[in-house]
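Q: have a look at this fold, sequence not included:
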Ligand SMILES: CC(=O)N[C@H](C=O)[C@@H](O)[C@H](O)[C@H](O)COP(=O)(O)O
């Protein structure tokens, strides 16, 4: 079975710990990846060549690899350099995700895409809009993700809901559609398929303990504040 066949109709778990957090260690990334597979994940999204190489030794499941780094004078962070592609190929990624937005960056976007394809990997375009996806498809990307919707100046939004409308729009294009970004519950992940996704990637809600704890804390704090408010009114 090809990687895309293995991912079809399934769940990819993104194992990206909070940078610098208590879980930001390669051994923990491997443990999260194996636990995700035990839970039924069809594939993994792994950041960093070292993490990809170590997870690769532990499983044959499809790995979507990416490298994130901060560079001066650009907001582009995901696999924006040719050297990132080389490192991920070397590490054994099956699929390489890259920033498919039209924002300026160090190495030309389509040169990065062509390098991924030239190495025989599947290219996953992390898109913020339908236009990003259309351009990526025209250049040969086989997988289109809604990953960056809500995270660029053009699409910035305060909503904590996923962009299901973008997933529906991507479904009209002839490519594998990955719903990704803020699928923070099983119900939302299921909705991605109703919208036309071929697979869904979930990260924070499964592997970022700090975020999950924060969601609980916020809900509890709001509830306790509301209760205090009611007590004051009734006293
Ligand atoms: C915007 C951006 O840089 N997204 C990143 C891409 O790799 C990750 O930080 C996300 O965790 C991943 O996309 C999964 O999304 P969520 O964590 O919402 O399930």
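A: Okay, I see it. Nothing here was measured: the structure is a model prediction, and the numbers come from that model.
Q: please count neighbours and contacts with C-alpha atoms only from this point.
A: Noted.
Q: show me what the lowest-mean-pLDDT helix or strand in the chain is packed up against.
A: Here the helix or strand of the chain ranked lowest by mean pLDDT, DSSP states H and E is helix 209-234, holding a mean of 91. If you count contacts as 3 or more Cα pairs under 8 Å, 6 or more residues apart in numbering; DSSP states H and E, helix 209-234 packs onto helix 204-207.
Q: is the helix it packs on anywhere near the ligand?
A: Yes. Residues of helix 204-207 are located near the ligand by Cα under 6 Å from any ligand atom, namely residue 204.
Q: please report the distance of the spatially closest residue to residue 161 that is not a sequence neighbour from the ligand.
A: In this structure, residue 161 finds its nearest non-sequential neighbour in residue 182, 6.0 Å apart by Cα to Cα, 6 or more residues apart in numbering. Distance from residue 182 to the ligand, counting by Cα to the nearest ligand atom, to the nearest Å: 4 Å.
Q: state the pLDDT value of residue 158.
A: For residue 158, the model assigns a pLDDT of 84.
Q: when you give positions from now on, start the count at 814
A: Sounds good: first residue 814 from here, last item residue 971.
Q: I'd like to know how many residues surround it.
A: 8 (other Cα atoms under 10 Å).
Q: ok, and the closest non-adjacent residue to it?
A: Excluding its sequence neighbours, the residue lying closest to residue 971 (Cα to Cα, 6+ apart) is residue 963, at 7.9 Å.
Q: all the helices of this protein, residue numbers only.
A: 816-820, 839-851, 862-871, 895-904, 922-931, 943-951, 977-983, 999-1007, 1017-1020, 1022-1047 (DSSP state H).
Q: circling back: how far off centre is the least confident helix or strand of the chain?
A: How far helix 1022-1047 lies from its chain's middle: 29 Å, per Cα atoms, centre = their mean, to the nearest Å.
Q: pull out the buried residues from that helix.
A: Buried positions in helix 1022-1047, judged by neighbour count with 16 or more other Cα atoms under 10 Å: residue 1022.
Q: for stretch 1007-1014, same thing?
A: Using 16+ other Cα under 10 Å as the burial criterion, the residues of stretch 1007-1014 that qualify are 1008, 1009, 1010, 1011, 1012, 1013, 1014.
Q: among those residues, which lie within strands?
A: 1012, 1013, 1014 (DSSP state E).
Q: tell me the one of those residues nearest residue 970?
A: Comparing these against residue 970 with Cα to Cα places residue 1014 closest, at 19.7 Å.
Q: how much space separates that closest one from residue 848?
A: 15 Å (Cα to Cα, to the nearest Å).
Q: returning to that earlier point: so what's the residue nearest to residue 974 up against?
A: Neighbouring residues of residue 995 by Cα atoms under 8 Å, 6 or more residues apart in numbering: 973, 974, 975, 1015, 1017.
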